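[1] Turn this into a model:
(2 chains)
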Amino acid sequence: MKLADMQRDFRSWLVTASDDAASRLSGGSSAGLNVYQNNYRVQLISCLEASYPHVRTWLGEEAFLAAAIAHIDSHPPHAWTLDAYSGDFDGTLTSLYPDNPDVRELARIELALAQAFVAVDGDALTPDALAQTDWDAARLRLAPSLKILTATTNAADTWSAFQRNEALPESQMLAETAGVIVWRQQFTVFLEAVDALEYAAMLLIQKDGNFAGLCDMLVERLGEQEGIAKAGALLVNWISKEWLAETAA
Amino acid sequence: MSTSLSTFAGYGLGLRREHYRDFLDTRVRVDFVEVISENFMVEGGQPRDILRRIRERHPVVLHGVSMSIGSADGLKTEYLRTLKSLADEIEPLFVSDHLSWSRIDRFNSHDLLPVPYTEEALDIVCANIHRAQDVLGRAMLFENPSSYIAFGDAAMTEWEFLDAMSKRTGCGLLLDVNNIFVSATNHGFDAHAYLHGIPADRVRQIHLAGHSEGSELLIDTHDSPVCDEVWALYAKAIALTGPVATMIERDGNIPPLKDLLDELAIARSIGDIDAWARKAVAA
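    A predicted model of the protein is given here:
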């Protein structure tokens, strides 16, 4: 048998437990092949368990294992790094729990935290660096570790309650779509819920970094005086939390 | 183009997360540490910082699990470039991976799957090793696998495959003594014939680990101490290879660091006895 054919048979055995493939690989001897299939599945389940500890606790062992098996059956791994395997688990959770957006949002928070933990290092924007800024042309850039997540539920509160080992809040839909910011300072990752206006402001900065455009949006929504003041307040807040990397102009 | 293999004799441990604090806060008596390359093939953050700080104190071996040197459709360029970037920064003693495959087409099993010992597979493995060594700019070590099935169309034994592979590519061998014991038990071959069949002068590092007993097969679980049979095999191995970098590899049921250092002391003792015997014979 050609090497490529053998390897495709092995894939069929691992992914679908194909009897035909098993027969060609080992002539019907299954003990060894079972070891490989067990290793394959245990490895992927362990990966999902490690990536989503709070989702696991929230759903319960049995339901989480069922979700993991459904994911493994529908999403064979393809990346060289096992870290990537947990990346689209939220899609499986959405299909299994279509009426529970809080489940997928909690999963997205856990994934974002893990990604921020190993994101590329970068220096944060400092107040001193703003001294010479031409505000008409200023372009802000988000910190490389920062992720902006859409929030329609109070999943961020649930995550925080898990972290602090507190009683979990009752799941709720938010009055309007808001955001959750995940980022890293030095080696510690953080999470913060932001309201709809700040969420919109962050998305604008993520899009083109245009501070003047941000001011225009805030003036349009809040009026000139309050809009400009809000832009300044957001900028100070973002710099203090190291959400910004540097100005590009 | 590959550089020649360096040599290093000493005793080390596989560095695991549970022992980071010990290695960062205290002077651990090891000659080197081995890390899983992929755990540090990340863009930034604490893992790379920890590795840099460990590297300031100890020589480091980069041991990979995802190169997939036996893949029929070649190696991933992105993987090789990321590994090279890490190796260039860390300046490791050795860069190693396994004689196995994980990936075909767009599927990656994340397991160390067995290679059939055929002439076709040998050609493919050697071509892949040449490419990896060219990209990395260094000779690599490849570890003998533990395996649970044998292919009916094998044209040679595992040790004959390793011998031909190392001669054709200039790569070195990372000899996992526990893997020899596990595979010899599972497939019924003679572990001593294996040791005599590999090119001893190409062995640059030795792994020692524990295994567990499945219902029909031994399983390479790395979750228990090294057993007596593997210690005996280790003594025979270094009698053939001479002193090489030797380490304890533990991946499950991670004990306190002291327990692993005690286990490593057994390896040192066996190495000391071998050195004494060599001197006695030479005299």
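
[2] from here on, contacts and neighbour counts on C-alpha atoms
    Fine.

[3] Those residues of the stretch 101-250 of chain B touching chain A, which are they?
    Residues of the stretch 101-250 of chain B that fall close to chain A, judged by C-alpha under 8 Å from any C-alpha of the partner chain: B:103-104, B:106-111, B:113, B:116, B:120-121, B:148-153, B:216-217.

[4] please redo it, this time with the cut-off set to 7 Å
    Counting by C-alpha under 7 Å from any C-alpha of the partner chain, the stretch 101-250 of chain B comes close to chain A at B:Ile104, B:Arg106, B:Phe107, B:Asn108, B:Ser109, B:His110, B:Asp111, B:Ala121, B:Tyr148, B:Ile149, B:Phe151, B:Glu216.

[5] looking at these, which has the most residues close by?
    Using other C-alpha atoms under 10 Å in any protein chain shown as the neighbour test, those are led by B:Ser109, with 29 neighbours.

[6] A helix includes it, no?
    No - counting by DSSP: H, G, I helix; E, B strand; the rest coil, B:Ser109 falls outside a helix, being strand.

[7] Let's verify the closest residue in space to it that isn't next to it in sequence: helix, strand, or coil?
    Spatial nearest neighbour of B:Ser109, chain neighbours left out: B:Ser102 (5.2 Å); criterion: C-alpha to C-alpha, 6 or more residues apart in numbering or on different chains. Secondary structure for B:Ser102, judged by three-state DSSP, is strand.

[8] I'd say B:Ser102 and B:Val115 touch.
    No - look at B:Ser102 against B:Val115 with C-alpha atoms under 7 Å: they stay out of range, at 10.1 Å.

[9] could you dump the residues of the stretch 101-250 of chain B next to chain A to JSON lines with pLDDT?
    Below are these laid out as JSON lines (pLDDT from 0 to 100):
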{"residue": "B:Ile104", "pLDDT": "97"}
{"residue": "B:Arg106", "pLDDT": "94"}
{"residue": "B:Phe107", "pLDDT": "97"}
{"residue": "B:Asn108", "pLDDT": "97"}
{"residue": "B:Ser109", "pLDDT": "97"}
{"residue": "B:His110", "pLDDT": "97"}
{"residue": "B:Asp111", "pLDDT": "97"}
{"residue": "B:Ala121", "pLDDT": "98"}
{"residue": "B:Tyr148", "pLDDT": "96"}
{"residue": "B:Ile149", "pLDDT": "95"}
{"residue": "B:Phe151", "pLDDT": "93"}
{"residue": "B:Glu216", "pLDDT": "92"}
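
[10] Could I get the buried residue list for stretch B:36-43?
    For stretch B:36-43, burial by neighbour count (16 or more other C-alpha atoms under 10 Å in any protein chain shown) applies to B:Ile36, B:Ser37, B:Glu38, B:Phe40, B:Met41, B:Val42.

[11] now it: mean pLDDT?
    Stretch B:36-43 shows a mean pLDDT of 97.

[12] so how far does that stretch reach from one end to the other?
    Using C-alpha to C-alpha, to the nearest Å, one end of stretch B:36-43 lies 16 Å from the other.

[13] can you check stretch A:126-133 too?
    Using C-alpha to C-alpha, the end-to-end distance of stretch A:126-133 comes to 12 Å.

[14] From the centre of chain A, point out the most distant residue.
    What lies farthest from the middle of chain A is A:Gly27; by C-alpha atoms, centre = their mean that is 43.8 Å.

[15] Buried residues in stretch A:135-142, which are they?
    Buried residues in stretch A:135-142, counting neighbours by 16+ other C-alpha under 10 Å, are found at A:Ala138, A:Arg139, A:Leu140, A:Arg141, A:Leu142.

[16] and the fourth one, that one's in a strand?
    Yes - read with three-state DSSP, A:Arg141 is one of the residues of a strand.

[17] Kindly state the beta-bridge partners for it.
    For A:Arg141, the beta-bridge partners are A:Glu246 (DSSP bridges).

[18] So which residues on chain A come close to chain B?
    Residues of chain A lying near chain B by C-alpha under 7 Å from any C-alpha: A:3-4, A:7-8, A:26, A:31-33, A:40, A:76-80, A:82, A:117-121, A:187.

[19] circling back to that earlier point, can you list which of the buried residues of stretch B:36-43 are found in strands?
    By the criterion of DSSP state E, membership of the buried residues of stretch B:36-43 in strands covers B:Ile36.

[20] Phi and psi next, for residue 163.
    Since you didn't name a chain, this refers to chain A. Main-chain torsions, A:Gln163, degrees, to the nearest 10: phi -60, psi -40.

[21] So what's the predicted local confidence for it?
    For A:Gln163, the model assigns a pLDDT of 96.

[22] likewise the one 4 residues further on?
    Per-residue confidence for A:Ala167 comes out at a pLDDT of 97.

[23] How about it, nearest residue that isn't a chain neighbour?
    Excluding the flanking residues, the one nearest A:Ala167 by C-alpha to C-alpha, 6+ apart is A:Ala161, at 6.3 Å.

[24] where's that neighbour, which helix or strand?
    helix A:155-163 (DSSP states H and E).

[25] hmm, back to that, count the residues that sit near the residue nearest to A:Ala167.
    Count around A:Ala161 with other C-alpha under 10 Å applied: 14.

[26] Is it in contact with A:Ser171, as I believe?
    No - here A:Ala161 lies out of contact with A:Ser171, judged by C-alpha under 7 Å, at a distance of 11.9 Å.

[27] overlap in contacts of these two?
    Counting by C-alpha atoms under 7 Å, 6 or more residues apart in numbering or on different chains, A:Ala161 and A:Ser171 have no shared contacts at all.
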